[in-house]
Every structure is written in C-alpha cells, then in structure tokens.
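Chemist: sequence and predicted model, in that order:
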Amino acid sequence: MGATELVRRGALDRTRALIGWSVGIAAYIALLAATFPSIEDSESLDDLVQDYPEALKDLLGFGDVLLSTGSGFMDTEIFNLMLPLLVLVLAIGSGSRTLAGEEEAGRLELPFSYPLRRRDAVLAKSVSLGLELVVVMAVAFAAFAVADPLVGLDLDFERLAGGVLGIALLGLLHGWLAIAVGAARPGRALAIAVSAGLAAVGYLVNGLHELASWLDPFRFLSSFWWLGQSPLSTGVQYDGCLVLALASAVVLVAAALLIERRDLQVP
C-alpha cells in the first residue's frame, strides 16, 4: 500500500460525511442569503448594532461593519463566527479520528504494517484531511457565488476567495494539530481537547485583547488573530494566511516525526 492509496482510501472513507457537510454548509449560506433582502439598506439596524457594548462588538467582530450591506451581513453572520466554527468542528473531528481514533479502534496497525514509513502514512492521511477541507470550502465559495446575483449581495469575489482560503487554513491548522496530538499521545479525547481548546482560547484572545491590555502579548498565539475579521468588508490579511499556512506545515512535520518514536497501543 503506497501513500497514494492511503490518500485515496482516506478520501473514500470520508465521502458520506463530506457530502453531508457540503450540503449543510451550502444550505446554511443559502438560507442566510435569502434573508438579506429584508434588511438591505436598513440604517436603523446599523444604528442598533453600533449601540452594542464595545466588548460585544469586538468579540463578535462587528466593528464598523454595516449589516445593511451584503458584505457586512455575510461577514457578521457567517465569516466572523459560524463558518470558522463549522470548519473547525469538521477539521478537528476528522483530525482526531485520523490517528487517535483509529488507534483506539485498533485499526491503525493495518496501514502501518505495509512497507511504508510511518511518517509517510501520516502525511498521506493528513493530505486526505486537507482535500476534505478543499472540497467543503469550494462548495461554500460556489454557494456564495450563486447567491450573490440572486439576492444582490454585491460581494467582491477576490475578497470572498481570500476569506474562504483563510478559513480553510484555520481548519487545516487545527485539524493537523489534532493529528499531531494523536501522533504524540494516545486518546481521541486528548486530541480534540487540545485542538479545540487552543481554538477557543485563540478566539477569546482575539476578541478581547483590545479591552484587556494584558492579553496583547498573547494575541500572536491566536490563530483567529492571524485570520482577521470581516474579510468581505475590510479585506483579507494575506500575511496572516501565510502564517497559518507555515504553522500548519510545522505541525504536520511534528506529527510525522512524533509518530516514528511512539509504541502504538493495541486495545
């Protein structure tokens, strides 16, 4: 069994779940887009949001975004929280099943028994997770592209592509982190806890660091800080996307090295 075969099998194993996630995210985007015409150009809604407490606006990424515009509405309702959250659930769930979950189920010894180095098997399985994210985010982009002319969102497609890319990299980092934790220690629960915990802490640091100055030194450790907020309204942080990509590569290399040094547990 070669690395290519592991990638193919990994993709096939995730097909059903991938279809469900793709349909669900596309439907969610379509549903929210369909509600936009009812609030379009509603200045009273923008005034109401601006009266929110600053802490709440920072945490939710409202800032100076106008909900009465298509870009501001989609940023607030999808890009600043829900789409990253959904992608993180998908990526961390898949990443925790890739090594830690298979080890708990007693299936990990099979691919590692073939004439293929452990690190190559981990890299192949990680590529499968990456392909899963590519498919889901491509579907999300297509859903926005279809909804844009139908409901008059008037989105900038360059910013849309950059925003989708950033969220994909966010999911990739935490998904591969779950794989790395599974490579270092047994236990799917541990892989989920570490990856999801760092994501949650990163979100809070990013949302609250302007209100709590003591958090400023830690904001560089937040994946959400590098991702940025409201890409459709304020633009994409491409330097932050590069940092997320490099961090993902470092985590993947760590996973490949860690798996070489560990004795697998047999249930």
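Modeler: Received, thanks. Only a predicted model underlies this, so the values are computations on that prediction, with no experimental measurement involved. Residues are numbered from 1 along each chain as shown.
Chemist: you'd agree residue 254 is up against residue 179?
Modeler: No: with the criterion set as CB atoms under 8 Å, residue 254 and residue 179 do not qualify as a contacting pair; they are 9.6 Å apart. Placement of C-beta: from N, CA and C, glycine included.
Chemist: more crowded one of those two?
Modeler: Under the criterion of other CB atoms under 10 Å, the comparison of residue 254 against residue 179 puts residue 179 first, with 32 against 17.
Chemist: that one: which element?
Modeler: Assessed by DSSP states H and E, residue 179 sits inside helix 157-184.
Chemist: can you name every helix or strand that that helix contacts?
Modeler: Other helices and strands packing on helix 157-184, by 3 or more CB pairs under 8 Å, 6 or more residues apart in numbering; DSSP states H and E, are helix 82-96, helix 118-151, helix 188-208, helix 223-227, helix 231-234, helix 238-259.
Chemist: got the ones you listed as JSON lines, with mean pLDDT and distance to residue 165 columns?
Modeler: Rendered in JSON lines, the data for these read as follows (pLDDT from 0 to 100; distance: least, CB to CB, whole Å):
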{"stretch": "helix 82-96", "mean pLDDT": "94", "distance to residue 165": "12"}
{"stretch": "helix 118-151", "mean pLDDT": "91", "distance to residue 165": "8"}
{"stretch": "helix 188-208", "mean pLDDT": "90", "distance to residue 165": "18"}
{"stretch": "helix 223-227", "mean pLDDT": "91", "distance to residue 165": "10"}
{"stretch": "helix 231-234", "mean pLDDT": "89", "distance to residue 165": "9"}
{"stretch": "helix 238-259", "mean pLDDT": "93", "distance to residue 165": "6"}
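Chemist: and the helix holding residue 179, how far out from the chain middle?
Modeler: Helix 157-184 has its average C-alpha position 5 Å from the chain's average C-alpha position, going by CA atoms, centre = their mean, to the nearest Å.
Chemist: re earlier: and of the helices and strands packed on helix 157-184, who's closest to residue 167?
Modeler: When the helices and strands packed on helix 157-184 are compared for distance to residue 167 using CB to CB, the nearest one is helix 82-96, at 5.3 Å.
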